[in-house]
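[1] Sequence below, structure please.
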Amino acid sequence: GACCDTGHWVRSGLEPVEHGGLSGEPGPGTVDALALHAAEESVDCVIAVGGGGVIDAAKAAAALAVNEKGVENYLEGVGRGFVVERDPLPFLALPTTAGAGAEATKNAVITSHGKRYKKSFRDDRLLARAVIVDPELMLSLPPDVTAASGMDAVCQLLEALVSKKRAPFPSALAEYHLPLAVAALRRLRESPRDLEARSVMAASALASGLALANAGLGAVHGFASGLGGAYDIPHGLICAILLPHVVRLNAARKPEPFRRIAGLLGLGSPSDLADYFAALNDYLSIPGDFSSFGIPRESAGGIVQLSQGSSMSGNPVDFSGDELEEFIRGLL
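    The predicted structure follows:
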């Protein structure tokens, strides 16, 4: 992130050290450079002002600044099993998008398109010491980012409700916020500077982070890991495209957990839910599939392999590798 008024910081007896220019989802090189900068400047605290990628990069850097360097060594599934020995630097989060809920989670998602992975660096101590959620920081978000990040939050709320790991408290949060988030996204499409709608989305995104951290996710985020690791497509956009298709796939095999969600959204049955989210995507100008992204259909098997992990393991239905490959091939 960036400091807005350095004079105010200095008058407060603080000396800010800025590291700006982060964009997109953080790769290992970005995180390692940020951690080295923090260590060389002997910073005492890391403050992230930005979207989910900025927040993840900052929380990882806060840990690595005072521990052995090389974030890739810590990543689940691809690393060398390194663990955080020393307590990370204090880390504060000020999200500027309403989507990932990264301000409420204890993992930093790191992406390498070169090595085709999207994996988490996890430690309980990666949690932010404080989070400031201010919807006024989100008023200038462009429509495509508003839609994609907002649909990420919607996906997280829904998947927390149907996950094998779902639990009462996160379910209560998700049930309350899911219909509010959908309504707010519709309002923001027409009125992007609607502060009330921005406030609803900011609270819903925070709730989605709390929900996923305590109830897990599902196949939407499982496939988003595989697709996002292999192809440079924004995470929220991947999730949004996948949502109606994954809902249809799951509800056909196990309709029960989707019946309550349909009721929350004023729908008659689980079979209406996939069409509902497809129509919402259309309203938000989100593509119906991945056919416009130039992904070869023969890559479906590789995408399925890259999609295996903690998110996919939470999906309410266990599908075979062949079933998942057939499913994703149909969207390419």
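
[2] Enumerate every residue touching residue 97.
    Contacts for residue 97 (CB atoms under 8 Å, 6 or more residues apart in numbering) come out as 50, 51, 52, 138, 141, 145, 149, 205. In short, each C-beta sits where N, CA and C put it, glycine included.

[3] Helices of this structure, residue ranges please.
    Secondary structure of the chain (DSSP state H): helices located at 6-11, 28-40, 52-64, 143-162, 168-190, 195-215, 219-230, 235-253, 256-264, 271-283, 300-306, 310-313, 321-329.

[4] what's the distance between the nearest residue to residue 314 once chain neighbours are set aside and residue 42?
    Once flanking residues are discounted, residue 314 sits nearest to residue 216: 3.5 Å by CB to CB, 6 or more residues apart in numbering. Using CB to CB, to the nearest Å, residue 216 is found at 38 Å from residue 42.

[5] higher neighbour count, these two?
    A count of neighbours by other CB atoms under 10 Å puts residue 216 above the other of residue 216 and residue 42, at 22 against 8.

[6] who touches that one in this structure?
    Taking CB under 8 Å, 6+ apart as the test, what residue 216 contacts is 159, 160, 163, 164, 165, 166, 310, 311, 313, 314.

[7] of these, buried ones?
    Buried residues within those, counting neighbours by 16 or more other CB atoms under 10 Å: 159, 160, 163, 166, 310, 311, 313, 314.

[8] could you dump stretch 320-332 to CSV, C-alpha only?
    Listed next in CSV are the C-alpha coordinates belonging to stretch 320-332 (Å, rounded to 0.1, in the frame of the first residue of the first chain):
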residue,chain,number,x,y,z
SER,A,320,-14.0,-38.5,-9.6
GLY,A,321,-11.1,-37.0,-11.5
ASP,A,322,-12.8,-38.0,-14.7
GLU,A,323,-16.0,-36.2,-13.7
LEU,A,324,-14.1,-33.0,-12.7
GLU,A,325,-12.2,-33.2,-16.0
GLU,A,326,-15.3,-33.5,-18.0
PHE,A,327,-16.9,-30.6,-16.1
ILE,A,328,-14.0,-28.2,-16.6
ARG,A,329,-13.5,-29.1,-20.2
GLY,A,330,-17.1,-28.1,-20.9
LEU,A,331,-16.3,-24.6,-19.7
LEU,A,332,-13.2,-24.0,-21.8
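
[9] how many other residues sit next to residue 182?
    Residue 182 has 20 nearby residues by other CB under 10 Å.

[10] would you turn the contacts of residue 97 into TSV with neighbour count, distance to residue 96 and pLDDT?
    Below are the contacts of residue 97 laid out as TSV (neighbours: other CB atoms under 10 Å; distance: CB to CB, whole Å; pLDDT from 0 to 100):
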residue	neighbour count	distance to residue 96	pLDDT
50	22	5	94
51	26	6	94
52	28	10	94
138	27	6	97
141	22	8	95
145	19	10	96
149	28	10	97
205	31	11	98
